[in-house]
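Enquirer: just need the structure, nothing else, for what follows:
(one chain, ligands or ions: 1)
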Amino acid sequence: MQVSQQLAAQAVGQVLDGRNLSVVLETLFQHQRDITPQQRAASQDLTYGTLRFYARLEALLQQLLQKPLSDAFIHHLLLVSLYQLVYDRAGAHTVVNQAVLAAAKTRKTWAKGLVNAVLRNFLRQRAMLERRIADDEVAQYSYPQWWINKLRQQYPVHWQSMLEAGNQHPPMTLRVNRRHDDAASYLERLRAAGLNARTLDEQAVMLESAVPVTRLPGFEAGHASVQDWGAQFAAMELDVADGMRVLDACCAPGGKTGHVLELADVRMTAMDNDAHRLLRVQQNLERLGLSASLVQGDAANPDAWWDGMPYDRILADVPCSASGIVRRHVDIKWLRREQDIAAFAEQQRLILQGLWRLLAKGGKLLYVTCSVFHEENQQQIARFLQTQPDARQMPCKHGTLQSNQGQLLPGTEHDGFFYALLQKV
Ligand SMILES: C[S@@+](CC[C@H](N)C(=O)[O-])C[C@H]1O[C@@H](n2cnc3c(N)ncnc32)[C@H](O)[C@@H]1O
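Expert: This is a model prediction of the structure:
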């Protein structure tokens, strides 16, 4: 446990310094060649958990410190240990003892005693410490204040359940490749492999607990892919048919590209501005046995890469705040700044405007974000429709999207997404 506490403390510190969580963990593990798969998984769990509840843990810790703690590693080690004491199943005494040993390794004479005192005081005073922060929203929900305020203002009814949904452990959901199976028959294959799951619709299956993809029947042969249920709505809403010319702008890593190609024999151009991420699109399509023409370019500036032939369908899964998928990307809550939202909205406006003239008359463009903030969603589309007289918004197929103006609220079965289907008239 000591190794995973140490690694998690380092990872948490680096994320709070502004670095991306996946990159931090990948780099950290590259330098730890002798850790076991169990230690790796445990470090990852502790890092995710601590960041998920960071504001709450910090509020508890601050009450336990007599003076500000300037040592970053010990600070983050205490947060990780508090996370274990509050949320984890590990025994309290083991957590404290291992944290004290991890502190001792730093060779700072004061560190061992401080870690021991803080954690033991927490165990003694827990109820009182928790009562004292009961009225502190940031500590209660574990989100930045601006985020809480924005959601409360934009979703007067649902804001609390949305914040709570973002703090849940995400499920592992699969998209069944319709060229091989439907959800019901793949469910049988999962059961035969000893995996419990349930179907969400004709193509989506939610596993009872996450497993390595190597345990999924037919994974290497492309029979199933890991994809949140909410993300699976995209290919369905795009309304594709055989023979269509389709552009998946902002395609990487290719989750939705693969799904569209599973549903119809379309002529697909998959575009992204990130060459490294495009390699992952290529790998994903190879696993599925599907192909597309891959293009590196800027969706906001098509003159540099477009061949001049209009598309029947365009999927614009634009870069966004990712505020709808925080349960999977727990670092986002702490990396985003309030002013980033306007910057994303401007980037999205330019992409939407750049792509619109590539659409054939009568063709459809599906605008998608994994955000719940109105600036990137409803407000973006309302402004686009005002300035673009040949655009009209079509109703979404999915009932939940219809009743919620395209906004899919994050919940137990899916992340938060926004969908707007626009037709060129
Ligand atoms: C939300 S992700 C796309 C996820 C993808 N559609 C999927 O389902 O797997 C957004 C993507 O947009 C790309 N991107 C950002 N700005 C872009 C731009 N100006 N032109 C093209 N791609 C861009 C990013 O590299 C990123 O891969």
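
Enquirer: can you give me the strands in the stretch 51-200 of the chain?
Expert: For the stretch 51-200 of the chain, applying DSSP state E, counting those that start in this stretch gives strands covering 173-176, 197-199.

Enquirer: that should have said the stretch 201-350 of the chain, apologies.
Expert: Using DSSP E, counting those that start in this stretch, strands in the stretch 201-350 of the chain cover 204-207, 224-226, 245-249, 267-272, 293-296, 311-317.

Enquirer: list the contacts of residue 266.
Expert: Applying Cβ atoms under 8 Å, 6 or more residues apart in numbering to residue 266 gives the contacts 240, 241, 242, 243, 244, 245, 246, 260, 313. C-betas here are computed from N, CA, C, even on glycine.

Enquirer: from those, which is closest to the ligand?
Expert: The shortest approach to the ligand among the contacts of residue 266 belongs to residue 260, at 9.8 Å (Cβ to the nearest ligand atom).

Enquirer: which one is the closest one nearest to, not counting chain neighbours?
Expert: residue 235 (4.6 Å; Cβ to Cβ, 6 or more residues apart in numbering).

Enquirer: what's the neighbour count on residue 194?
Expert: Residues contacting residue 194 under the criterion other Cβ atoms under 10 Å number 8.

Enquirer: got it, and residue 47?
Expert: 28.

Enquirer: would you check how far apart it and residue 350 are?
Expert: 35 Å (Cβ to Cβ, to the nearest Å).

Enquirer: now do residue 336
Expert: Counting by Cβ to Cβ, the gap from residue 336 to residue 350 is 20 Å.

Enquirer: ok, these two, which is more surrounded?
Expert: Per other Cβ under 10 Å, whichever of residue 336 and residue 350 has more neighbours is residue 336, with 19 against 14.

Enquirer: what's near enough to touch that one?
Expert: Contacts of residue 336 (Cβ under 8 Å, 6+ apart): 144, 147, 321, 323.

Enquirer: distance of it from residue 376?
Expert: Taking Cβ to Cβ, one finds residue 336 at 12 Å from residue 376.

Enquirer: any idea how the chain splits into domains?
Expert: 2-136, 173-226, 230-424 (automatic domain parsing).

Enquirer: how about residue 310, nearest residue that isn't a chain neighbour?
Expert: Per Cβ to Cβ, 6+ apart, closest to residue 310 is residue 360, 3.8 Å.

Enquirer: that neighbour: what secondary structure?
Expert: State at residue 360, reduced to three classes by DSSP: H, G, I helix; E, B strand; the rest coil: strand.

Enquirer: now swap in residue 421 and tell me
Expert: Quick answer, by three-state DSSP: residue 421 is strand.

Enquirer: what's across from it in the sheet?
Expert: Counting by DSSP bridges, residue 421 is bridged to residue 366, residue 394.

Enquirer: residues in contact with residue 83?
Expert: By Cβ under 8 Å, 6+ apart, the contact set of residue 83 is 46, 49, 50, 53, 57.

Enquirer: got those as JSON lines, with neighbour count, distance to the ligand and pLDDT columns?
Expert: Formatted as JSON lines, these follow (neighbours: other Cβ atoms under 10 Å; distance: Cβ to the nearest ligand atom, whole Å; pLDDT from 0 to 100):
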{"residue": "46", "neighbour count": "27", "distance to the ligand": "27", "pLDDT": "97"}
{"residue": "49", "neighbour count": "21", "distance to the ligand": "25", "pLDDT": "97"}
{"residue": "50", "neighbour count": "27", "distance to the ligand": "26", "pLDDT": "98"}
{"residue": "53", "neighbour count": "21", "distance to the ligand": "26", "pLDDT": "98"}
{"residue": "57", "neighbour count": "25", "distance to the ligand": "29", "pLDDT": "98"}
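
Enquirer: closest to residue 99 among the residues you listed?
Expert: The closest of these to residue 99 turns out to be residue 46 (Cβ to Cβ; 11.2 Å).

Enquirer: show me the contacts for that closest one.
Expert: 4, 5, 8, 80, 83, 84, 88.

Enquirer: among the contacts of residue 266, name the buried ones.
Expert: Buried by 16 or more other Cβ atoms under 10 Å: 240, 244, 245, 246, 260, 313, out of the contacts of residue 266.

Enquirer: near the ligand, which of those show up?
Expert: Among the buried ones among the contacts of residue 266, proximity to the ligand is found for none (Cβ under 6 Å from any ligand atom).

Enquirer: so which two of these are the farthest from each other?
Expert: 245 and 260 (12.0 Å).

Enquirer: distance of the closest residue to residue 265 other than its chain neighbours from residue 290?
Expert: Of all residues beyond its chain neighbours, the one nearest residue 265 is residue 242 (4.6 Å), with distances taken as Cβ to Cβ, 6+ apart. Distance, residue 242 to residue 290, by Cβ to Cβ: 14 Å.
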